[in-house]
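Undergrad: I'll drop the sequence and a predicted model, then ask my questions.
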Amino acid sequence: MVQQFSASFLLLVAVSHLMLTASASAAANSNLRVTISGLKNQQGQVCLSLFSSQQGFPGSSERAVQARCLKVAEIPMVVQFQNLPPGSYAIAVFHDANGDNILNRNGLGIPTEEFGFSQNPGIFAGPPKFGDSQVLVFGPETNIQVRLRSLFQG
């Protein structure tokens, strides 16, 4: 009887441990809330690409963990990325005012639409590196702000 009770107790402890571990790992994921400021108008859409490494950052949305374009409904705009594993991420954003799903550029390759990155790094001789834009995502929610800018307007 004692052995049966011990075996049942151990089984209960093991199942409880597995349930707690599964629950803890599900709860460990986080939401990333991005507030986008600097939009000059509500035309078109805002396109965001979320990267978990330098691979493809910032211009290859097909290498992003998540990428989406959303119609501009309000300024500032708030976008959520949900259920992300804890880690370092970087975001590239642009205001696709004409709705063609690309960051338009002039003949010199300079963007003609507003753009921005997580951590709002300075833009000098090209786009920032992943390390200049990375943010640590952990806990229930991480909040960041991305300020859009135009190279022609400061």
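TA: Good, I have the coordinates.

Undergrad: which outside residues touch stretch 143-154?
TA: 32-39, 91, 93-95, 110-120, 123, 135 (Cβ atoms under 8 Å, 6 or more residues apart in numbering). Backbone N, C-alpha and C define where each C-beta goes, glycine included.

Undergrad: Can I get the buried part of these as one PyMOL selection?
TA: Typed into PyMOL, the line below selects the buried ones among the contacts of stretch 143-154, using 16 or more other Cβ atoms under 10 Å:
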select buried, resi 32+34+36+38+39+91+93+94+95+111+113+114+115+116+117+118+119+120+135
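
Undergrad: Which of the contacts of stretch 143-154 fall within strands?
TA: Residues of the contacts of stretch 143-154 located in strands (DSSP state E): 32-37, 91, 93-95, 115-117, 135.

Undergrad: Make a markdown table out of those residues and add pLDDT.
TA: As requested, those are exported to a markdown table (pLDDT from 0 to 100):
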| residue | pLDDT |
| --- | --- |
| Leu32 | 98 |
| Arg33 | 98 |
| Val34 | 98 |
| Thr35 | 98 |
| Ile36 | 98 |
| Ser37 | 97 |
| Ile91 | 98 |
| Val93 | 98 |
| Phe94 | 97 |
| His95 | 97 |
| Phe115 | 96 |
| Gly116 | 97 |
| Phe117 | 98 |
| Val135 | 98 |
